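Participant: could you work out the structure for the sequence below:
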Amino acid sequence: MSIAALLLCVYTQTSAGSWAFGNEQLRDLFLRLGVGNAPEPRVLVVDIDETSTARLGPWPWPRSRVADLVETLIADYGVRGVALDIVFPDASDPAGDARLAALAAHGPVVLAQAFDFQTASIPQRLGVPAAGMPATHAPGAVAATGYNANHAGLAHAPHVGNIGFVPDPDGVLRRIPLWTAWEGKVYPALALALINCCSGAKPLAATAPTLRVAFERDWPAYTVVTAAEVLEREYVREDLAGRLVVIGSSSLGLVDRVATPLANSRPGLGVQATVLSTLLDQQQGKSPEPWPGAALALLYAAGCALFATFAFPRLSAVASVGSLALASLAWVGLACLIAPHDLNFSTTGPLATNLFLLAFAVPYQWQVAQSRSRHLLDTLRQYVAPAVVQELLKSDLADPLKPRQLDVTTLIADMEGYTTQVESLTMEEAARLTQEFLDCLTGPVIAHNGTLDKYTGDGLVAFWGAPLPMSDHADRALDAAREIVARVARLSAERSARLGPGRPPLRVRIGIESGAAMAGDFGTTFRSIYTAVGDSVNTASRLEQVAREFPHDAIVGPGTVERATRHRFLPLGERMLRGKEKATSLYTLEDLA
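Facilitator: Take a look at the predicted model:
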């Protein structure tokens, strides 16, 4: 057997990483020796732990509380994106489900679904799988046998990730399905969906269908905060802003624990955080380069080949075996130092060459060395294997999202008499009404290049003029208000036709005011977490509240009237608004009067 053939054999086995000669156990040892606790600043873990359930009530929580948790992280703490390591197979409180659906549809939110990969007599099929892609997007995706997905009210979410996995035969989780195949579509893993949705960088391209998790960082490396303290806003905003968030539970009563190379019992939440770090490293080019380990393997193989060629004929079998044992120990030590986290590196692949070299330790084998080397080589070869954001990106501003004072127009809207509207409806009908109403509000805001600040249950807050200044921000907001009123009227008529007479008509209350406000960048480019604060924003809120005292759907403040150039207004007199020292002039759009 030639040295070149031996080198090729060892290199291919090292790259494939599929040897069963204790490879996984040795890799696990490498991981435990090399794992670090250096802080992971890109990832935030929100734990619904036992202290949270003790403070806020037992699990499952109302969906509205889960929605509050997500909105608080996005709006108040300025995180980059949120992934829920929780599946909601059954509908719950309508308003909470509707808010979650709206957040998933319009915000940096990724929901979870768990595919099953085990063969069962009765496959599990709960909920409705969502966010599937054509099978051609990820060839070779791991085929699922069942699923536990979210209920139909959440099935239209654009970003959903799989949290199911397949442990190795020894029960240890070392790999996750990066892509899952189900009924002609493929579905990404939760961490992959979060990165491609919310990282702000170029999405990760479809690569291998499975991912070997690096486990480079141990649990103490991650910033873990409790859900209760987040809801109570007990953290400093700057400590959490700009991170990708995974929400789940480490409580033994709420979630299964899994065996990993680092410990026999770890929360699945920790695994999701580790997978997220692994993929972020890949996206940012921080994954270990394959050449150090491969180069070391080739050097080891070359040394073994030279040893077999020149030393074996002169050494006894005991000396030959002892030399190979020492060389193997040296190899393992060097491999641990040089390539501890190379996901495609097999620690035992080069050691398999020893099986071949040991054949030379028996004197009679020297006479058939060539034939046996060719045979072993043949044996080894079988193992080879949307529009504002675009403008921001085009702008020449050094930091277009840096907090600064801008002239903006704020629009605040919600449904009048929401409780009366939903109290006689079924849970499904109430959820549908809320979703349809929020669609009526959101569509015009986006269509007129508004910035969606946040949802407020059955309403929203939006503004124009930030982060990109607009000379006609007041007119754009008024155009959106007019379209919102029209869409709500159509929705009300459609509901009357569908459900019959006797139901109160839908009405939207809108408050609009313009003026100076501080628009702040909180570490992300997603509109739902970009916030403006100022007196004009507060006035818009007061105008929305006072709208219930008028027959007009939209109440407009004097600042907007002063700035508008394409609209006509009907004065409504003056009114003392809460928190104001002087009376405020009120107007409505002439064509809405």
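
Participant: got the contact list for the closest residue to Leu100 other than its chain neighbours?
Facilitator: Excluding the flanking residues, the one nearest Leu100 by CB to CB, 6 or more residues apart in numbering is Ala67, at 5.1 Å. For glycine as for every other residue, the C-beta is placed from the backbone atoms N, C-alpha and C. Neighbouring residues of Ala67 by CB atoms under 8 Å, 6 or more residues apart in numbering: Gly96, Arg99, Leu100, Leu103.

Participant: just want the most central residue of this protein.
Facilitator: Compute the mean C-alpha point of the chain, and by CA atoms, centre = their mean the closest residue is Leu194, 2.0 Å away.

Participant: which strand or helix spans the nearest residue to it once chain neighbours are set aside?
Facilitator: Counting by CB to CB, 6+ apart, Leu194 lies nearest to Ala83, which is 4.2 Å off, once chain neighbours are set aside. Element membership of Ala83, judged by DSSP states H and E, is strand 81-84.

Participant: for the helix or strand just after that strand, the distance to its chain's centre please.
Facilitator: The first helix or strand that comes after strand 81-84 along the chain, using DSSP H and E, is helix 94-106. With CA atoms, centre = their mean, to the nearest Å as the basis, helix 94-106 stands 17 Å off its chain's centre.

Participant: cool, stretch 100-114 as well?
Facilitator: Using CA atoms, centre = their mean, the offset of stretch 100-114 from its chain centre is 9 Å.

Participant: try stretch 88-99
Facilitator: The answer for stretch 88-99 is 20 Å, by CA atoms, centre = their mean.

Participant: give the rounded mean pLDDT of it.
Facilitator: Looking at stretch 88-99 alone, the average pLDDT works out to 90.

Participant: which residues sit in contact with the closest residue to Arg563 other than its chain neighbours?
Facilitator: Excluding its sequence neighbours, the residue lying closest to Arg563 (CB to CB, 6+ apart) is Ala474, at 3.8 Å. By CB under 8 Å, 6+ apart, the contact set of Ala474 is Thr409, Trp464, Ser514, Gly559, Thr560, Arg563, Ala564.

Participant: thought Thr226 was touching Thr51?
Facilitator: Yes - taking contacts as CB atoms under 8 Å, Thr226 lies within contact range of Thr51: 5.8 Å.

Participant: on that earlier part again, ok, the residue nearest to Leu100 to Lys454 distance?
Facilitator: 11 Å (CB to CB, to the nearest Å).

Participant: what touches both of those two?
Facilitator: In contact with both Ala67 and Lys454: no residue, using CB under 8 Å, 6+ apart.

Participant: sorry, back to before: shouldn't the residue nearest to the centre of the chain be within a helix?
Facilitator: Yes - assessed by DSSP: H, G, I helix; E, B strand; the rest coil, Leu194 belongs to a helix.

Participant: okay but it is in contact with Ile247, surely?
Facilitator: No - with contact defined as CB under 8 Å, Leu194 does not reach Ile247; the gap is 10.9 Å.

Participant: if we can go back for a sec, could you single out the nearest of the contacts of Ala67 to Gln113?
Facilitator: Ranked by distance to Gln113 (CB to CB), the contacts of Ala67 are led by Leu100 at 13.8 Å.
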